[in-house]
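S.K.: All I have is the shape, not the residue letters:
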């Protein structure tokens, strides 16, 4: 359950890159990770 969201400040102009993840990709990845953890598979 998400309790809060905050937007990060923009990266400085020193060449830092910001990679954006689509919301659907984040949701699917989180669900898959939860399934793996519930199955008892070690993450190491």
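M.R.: Cool, got the structure. Note that this is a predicted model, so its numbers are computed, not measured.

S.K.: so what's the most centrally placed residue in the chain up against?
M.R.: Residue closest to the average C-alpha location in the chain (C-alpha atoms, centre = their mean): residue 26, at 5.4 Å. Under the criterion of C-beta atoms under 8 Å, 6 or more residues apart in numbering, residue 26 has no contact partners. Just so you know, the C-beta spots here come from the backbone N, C-alpha and C atoms, and that holds for glycine as well.

S.K.: all helices for the chain, in order.
M.R.: With DSSP state H as the criterion, the chain has helices at 23-38.

S.K.: low pLDDT regions in it?
M.R.: Per-residue confidence for the chain (pLDDT under 70) gives these ranges: 10-16.

S.K.: cutoff 90 now
M.R.: Low-confidence segments of the chain, defined by pLDDT under 90: 1-21, 42-44.

S.K.: Residue 7 and residue 35, how far apart?
M.R.: When distance is defined by C-beta to C-beta, to the nearest Å, residue 7 is 29 Å away from residue 35.

S.K.: Comparing the two, which shows the higher neighbour count?
M.R.: Neighbours per residue (other C-beta atoms under 10 Å) separate residue 7 from residue 35, with residue 35 holding more: 10 against 5.

S.K.: Could you check how far that one is from residue 27?
M.R.: Going from residue 35 to residue 27 by C-beta to C-beta gives 13 Å.
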